[in-house]
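1. Could you look at this predicted model? Sequence included:
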Amino acid sequence: MTDTGGDQVEEAVASCATLLRAAAGHDWEGVRAGRLEWSCRRTAEHIAGDLIAYAGQLAGRATTAYVPFEIAMDEGTDNAGVVDVIETTGALLAATVRTTPREVRAFHPYPFRSANREGFAAMGVAEVLLHTHDIAEGLDLPYEPPAELCAWVLGRIFPHVRPEPDAPWSTLLWATGRGDLPGREPLTEWRWNNNLVIGTERLTLQGVTPAAAAELRAGGTGGFEWIESGPFHGTREAAGMVASSYEKGVHRPEWGMFVLVRREDGLAVGAIGFHGVPDDEGRAEVGYDLAEDARGRGYATEALGALAETALARDDVKLLFAAIERENAASQRVIARAGFTRAGEDVERAAHELHGLEESLRLYSREA
């Protein structure tokens with residue numbers, strides 16, 4: 001995963017401009033854009049506004065709110081001129097995405113109050129594709145963007161939506177309330193979902209998107225810069241679990257996997273996460289591993305403590321547990337320092353019954 005999202009922004013804008021330039025002679029002002037209340041003209045201007053707003057968020061490193069500015073067309077700007085502005089603002093977002101460091105996050109409200117460069121790129125691509133569709137629908141013109149571009153968006157900001165490998169465009173339309181999919185109820189409300197990041201003194205726990213998980217599973221980096229001995233094999237196995245959950249439509253990002261990134265140098269040193277959503281009793285299993293070169297420095301304890309505090313602050317979580325090999329003394333010390341104690345017989349019995357854990361594993365738990 002070497003791309004930052006700049007290429008995808010340019011591809012989306014090019015597909016939009018191709019359609020809109022061919023339709024520049026149509027009446028955009030007097031026609032509604034598909035199911036929207038806006039006219040086609042206002043929707044086209046909105047595309048440009050979104051692109052420059054996302055570029056502004058990243059370039060300005062905004063952390064608490066949107067940068068307070070809007071884009072406006074000069075008086076007398078015709079439809080072709082609006083397309084010029086879309087292409088220009090698209091180029092600005094693509095350039096900003098490419099030149100923003102990977103660790104930078106800027107404000108966006110949904111759902112965890114921030115997004116990284118890839119998140120802003122994905123949101124920009126989605127705005128372009130979806131609103132181009134709205135305009136095309138209003139003008140009664142055919143439009144279908146590249147399938148790979150749609151899948152790229154879904155794997156980054158729609159981690160909760162089960163993909164349809166043969167129909168990513170239809171899936172994206174359904175996920176945004178614009179179309180139907182067989183076997184799925186129509187949506188009237190939706191939000192995209194940027195990855196969650198949890199900070200500690202020395203680390204950031206960065207939520208792994210389905211796209212990053214798929215690359216890690218396949219032997220890649222997942223878009224992270226790793227310490228020399230990473231990622232460890234446990235990280236790749238956990239990434240495979242995330243990718244599989246996404247493919248089945250049961251992935252929930254806040255109950256997925258997080259890569260541990262050092263603040264001092266931006267290097268990934270390991271991973272931590274959950275083995276699934278909490279059960280009906282509010283119990284969830286955690287797991288973690290570190291690259292060999294990062295061990296013995298307290299990173300796992302620091303990450304586990306932060307993850308546990310975040311999870312146990314929720315109303316739907318009552319207990320966390322971890323299963324550790326009896327001979328793994330180092331991991332047992334990590335779990336103890338993070339506030340976990342040996343699980344009682346009832347918790348141990350339930351864990352083995354519900355999760356199919358091997359009897360050779362020793363269970364540790366921490367309650368809310």
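-> Good, I have the coordinates.

2. tell me which element the closest residue in space to Val82 that isn't next to it in sequence falls in.
-> Spatial nearest neighbour of Val82, chain neighbours left out: Ala44 (4.9 Å); criterion: C-beta to C-beta, 6 or more residues apart in numbering. Backbone N, C-alpha and C define where each C-beta goes, glycine included. For Ala44, the enclosing helix or strand under DSSP states H and E is helix 40-59.

3. Does that helix pack against any helices or strands, and if so which?
-> Counting contacts by 3 or more C-beta pairs under 8 Å, 6 or more residues apart in numbering; DSSP states H and E, helix 40-59 packs against helix 6-22, helix 79-99, helix 117-139.

4. quick one, strands of the stretch 251-368 of the chain?
-> Ranges of strands in the stretch 251-368 of the chain, per DSSP state E, counting those that start in this stretch, are 257-262, 268-274, 283-290, 319-325, 341-342, 361-367.

5. got JSON lines for those strands, with mean neighbour count too?
-> Shown next, in JSON lines, are these (neighbours: other C-beta atoms under 10 Å):
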{"stretch": "strand 257-262", "mean neighbour count": "27"}
{"stretch": "strand 268-274", "mean neighbour count": "26"}
{"stretch": "strand 283-290", "mean neighbour count": "22"}
{"stretch": "strand 319-325", "mean neighbour count": "20"}
{"stretch": "strand 341-342", "mean neighbour count": "12"}
{"stretch": "strand 361-367", "mean neighbour count": "19"}
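
6. Let's have the ones you listed in TSV, adding mean pLDDT.
-> Listed next are those as TSV, based on pLDDT from 0 to 100:
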stretch	mean pLDDT
strand 257-262	98
strand 268-274	98
strand 283-290	95
strand 319-325	93
strand 341-342	94
strand 361-367	91
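
7. picking up where we left off before, CA atoms only: put the helix holding Ala44 into CSV for me.
-> What follows is helix 40-59, C-alpha atoms only, in CSV (Å, rounded to 0.1, in the frame of the first residue of the first chain):
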residue,chain,number,x,y,z
CYS,A,40,-27.3,20.1,-10.5
ARG,A,41,-25.4,23.5,-10.5
ARG,A,42,-25.3,23.7,-6.7
THR,A,43,-24.2,20.1,-6.4
ALA,A,44,-21.4,20.7,-8.8
GLU,A,45,-20.3,23.7,-6.8
HIS,A,46,-20.6,21.6,-3.6
ILE,A,47,-18.1,19.1,-5.1
ALA,A,48,-15.5,21.8,-5.5
GLY,A,49,-16.3,23.1,-2.0
ASP,A,50,-15.7,19.6,-0.5
LEU,A,51,-12.4,19.2,-2.3
ILE,A,52,-11.0,22.5,-1.2
ALA,A,53,-12.3,22.1,2.4
TYR,A,54,-10.6,18.7,2.8
ALA,A,55,-7.4,20.1,1.4
GLY,A,56,-7.7,23.0,3.8
GLN,A,57,-8.2,20.7,6.8
LEU,A,58,-5.0,18.7,6.0
ALA,A,59,-2.9,21.7,5.0
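
8. Give me whichever of the helices and strands packed on helix 40-59 is most buried.
-> helix 117-139 (a mean of 25; mean count of other C-beta atoms under 10 Å).

9. what angle sits between the very next helix or strand once past that one and helix 117-139?
-> Proceeding N to C from helix 117-139, the next assigned helix or strand is helix 147-157, under DSSP H and E. Interaxial angle, helix 147-157 versus helix 117-139 (axes from the mean of the first three to the mean of the last three C-alpha atoms, to 10 degrees): 130 degrees.

10. Give the rounded mean pLDDT of helix 147-157.
-> For helix 147-157, the mean pLDDT works out to 98.

11. What is the helix or strand of the chain with the lowest mean pLDDT packed up against?
-> In the chain, no helix or strand scores lower on mean pLDDT, DSSP states H and E than helix 345-355, which sits at a mean of 72. Helix 345-355 is packed against strand 283-290, strand 319-325, strand 361-367, with contacts defined by 3+ C-beta pairs under 8 Å, 6+ apart.

12. Fine by me, we can end here.
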